[in-house]
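> no sequence on this one, just coordinates:
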C-alpha cells in the first residue's frame, strides 16, 4: 500500500515538474540581455563609469524575488481560505 502511495506521489511530482518546465520553455529569455550585447564605445564608457548592466541585472533579480514572494503569498492565502 505504501509503495503505491509513494509511486502516486512521485507521478504527481513528475507531472508538476513537467508542467513547470513546459511553462518555462514558453517564457522568453531575459529581455535585458540586449544591454550587454550592444557594441558601442559610448555605452562601454558609460558602463565603465556607471555599471548599467550590473544595475539592470540586480533590479531584475529583485523584481523576480518580489514577484515570487507575492505569488506565494497569494497561493498561501488561497490555501488558508480553502482550509478554514
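Perfect, I can see it now. The shown structure was predicted, so the numbers you read here are calculated from the model rather than taken from an experiment. Numbering: from 1, shown residues only.

> which SSE is the residue most central in space within the chain in?
The centre of the chain sits closest to residue 64, judged by C-alpha atoms, centre = their mean, with a distance of 6.0 Å. Assigned by DSSP states H and E, residue 64 belongs to helix 52-83.

> Now do residue 82, the pLDDT please.
Predicted confidence (pLDDT) for residue 82: 75.

> in the chain, which ranges drop under the pLDDT threshold?
Within the chain, the segments meeting pLDDT under 70 span 30-38, 84.

> could you redo the last one with a cut-off of 80?
Low-confidence segments of the chain, defined by pLDDT under 80: 27-40, 43-44, 47, 52-53, 82-84.

> What is the neighbour count of residue 57?
Counted with other C-beta atoms under 10 Å, the neighbours of residue 57 add up to 16. Using the backbone N, CA and C atoms, a C-beta is placed for each residue, glycine as well.

> Can you list the helices and strands that the helix or strand where residue 22 lies packs against?
Take DSSP H and E as the rule and residue 22 turns out to sit in helix 2-26. Judged by 3 or more C-beta pairs under 8 Å, 6 or more residues apart in numbering; DSSP states H and E, helix 2-26 is in contact with no other helix or strand.

> Pull out the buried residues from that helix.
Buried residues in helix 2-26, counting neighbours by 16 or more other C-beta atoms under 10 Å, are absent.
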